[in-house]
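**Q** the sequence isn't on hand, but the structure is:
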């Protein structure tokens, strides 16, 4: 999709604040600092529309980005950030669970992992949870430009085995905001989910 127009239309913490126009939604989830903002900015051809923050754990609401008046990207608070209090983490968890399990407009979830490392315990739990709810998943392994080509197969195997990846239920691609590798693949997947 060629993107010319993007609007952050709202930040929501409860269903009463979600958009009501019925457009399809694609959620982006991942640990703080895994590169959600960089992926969003690459997909929408903007330098820093979605704030990349030096301070992880900054997103504390569900942020709805209207893309080309055709769909919403929903940026979900990053998980696994220690400086957020336990109480706040539980509130985030509740907010995310409510959104993902009850939102009819949700067509799929892009879950981001760092290509350089095995997925964290939280990544594994998130992936298992999305599979349990039978939500289409695209696993995007970010920062692939930092891995030599010859080691990418090994990285992919490690990610998939750690996540207990099921090729019937999920898709996978590498992504780099530096080289733009994976951008077209991600868009292709999004378009399939919303068509």
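**A** Noted; the coordinates are in hand. Remember, it's a predicted structure, so these values are computed and weren't measured experimentally.
**Q** residue ranges for the helices of the protein, please.
**A** 36-43, 86-102, 121-132, 152-163, 183-194 (DSSP state H).
**Q** out of those helices, indicate the one that is most buried.
**A** Compared across the helices of the chain, helix 36-43 shows the largest average neighbour count, a mean of 22 (mean count of other C-beta atoms under 10 Å). Quick note: C-beta positions are derived from backbone N, CA and C, even for glycine.
**Q** got the angle between that one and helix 183-194?
**A** Taking axes from the mean of the first three to the mean of the last three C-alpha atoms, to 10 degrees, one finds helix 36-43 and helix 183-194 inclined to each other by 90 degrees.
**Q** quick one: residues contacting the nearest residue to residue 136 once chain neighbours are set aside.
**A** Ranked by C-beta to C-beta, 6 or more residues apart in numbering and with sequence neighbours excluded, the top spatial neighbour of residue 136 is residue 108, at 3.8 Å. For residue 108, the contact set (C-beta atoms under 8 Å, 6 or more residues apart in numbering) comprises 26, 27, 135, 136, 137, 138, 189, 190, 193.
**Q** now stretch 66-81: mean pLDDT?
**A** Mean pLDDT, taken over the full extent of stretch 66-81, equals 86.
**Q** can you mark which positions in that stretch are buried?
**A** For stretch 66-81, a neighbour-count test (16 or more other C-beta atoms under 10 Å) marks 66-67, 71-81 as buried.
**Q** need those residues in CSV (columns: distance to residue 163).
**A** Below are those laid out as CSV (distance: C-beta to C-beta, whole Å):
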residue, distance to residue 163
66, 31
67, 27
71, 26
72, 26
73, 22
74, 21
75, 21
76, 18
77, 21
78, 18
79, 15
80, 15
81, 20
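**Q** residue 94: which of the residues you listed is nearest?
**A** Distances from the buried residues of stretch 66-81 to residue 94 were compared by C-beta to C-beta; the smallest belongs to residue 77, at 11.4 Å.
**Q** look up how far residue 193 lies from residue 123.
**A** The span separating residue 123 from residue 193 equals 21 Å under the rule C-beta to C-beta, to the nearest Å.
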